[in-house]
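[1] Pasted the sequence and its predicted model underneath.
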Amino acid sequence: MDWMDEVMRSKDRLLADLVALLRYESVKDPGSSAVGKPMGKGISEALQFMLDLSAGEGFHARNLEGYAGYAEYGPSAPGAKAYIAVLSHLDVVPATGAWTTPPFEPSIRDGRIFARGAIDDKG
């Protein structure tokens, strides 16, 4: 089986996870910051969602005081020096301007997903 077969079998679940992530209004909000949530409520919720999702898929997930998080997979051998990293972000700039649909309510039109963050690293 190749990787594309796996993606196609998982398509509906992956799309549901993406839609759920895009619903978080993960805009920096100093007014809602707190200990462990330095960037505010929305970013904190999006980060925790992704860490929970990662843990559910068998990754070791860790929240770094709300500033960042990571998920690693495989044996955690003491002294391991080789890692492959994929960097991403969950924050977005405020959704200004005219939107056809609400920016944090993802919609699929013509086979494309529309939401704030859908075409950058958040998505």
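    Perfect, I can see it now.
[2] can you pull out the strands in this protein?
    In the chain, the strands defined using DSSP state E lie at 60-64, 68-72, 107-109, 112-114.
[3] In the lengthiest helix in the chain, which residues are buried?
    Assignment by DSSP state H gives helix 3-22 as the longest helix of the chain. Neighbour-count burial for helix 3-22, counted by 16 or more other CB atoms under 10 Å, picks out 17, 18, 19, 21, 22. Heads up, the C-betas are built off the backbone N, CA and C, glycines and all.
[4] if I read this right, the last one contacts residue 120, doesn't it?
    No: here residue 22 lies out of contact with residue 120, judged by CB atoms under 8 Å, at a distance of 10.9 Å.
[5] Okay, now the unreliable bits of the protein?
    Applying pLDDT under 70 to the chain flags the ranges 1, 75-78, 80.
[6] circling back to that earlier point, how about a markdown table for the buried residues of helix 3-22, with distance to residue 58 added?
    Converted to a markdown table, the buried residues of helix 3-22 look like this (distance: CB to CB, whole Å):
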| residue | distance to residue 58 |
| --- | --- |
| 17 | 15 |
| 18 | 19 |
| 19 | 22 |
| 21 | 19 |
| 22 | 23 |
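[7] nearest to residue 44, of those?
    When these are compared for distance to residue 44 (CB to CB), residue 21 wins out at 13.6 Å.
[8] what packs against the longest helix of the chain?
    In terms of contacts (3 or more CB pairs under 8 Å, 6 or more residues apart in numbering; DSSP states H and E), helix 3-22 is packed against helix 41-56, strand 112-114.
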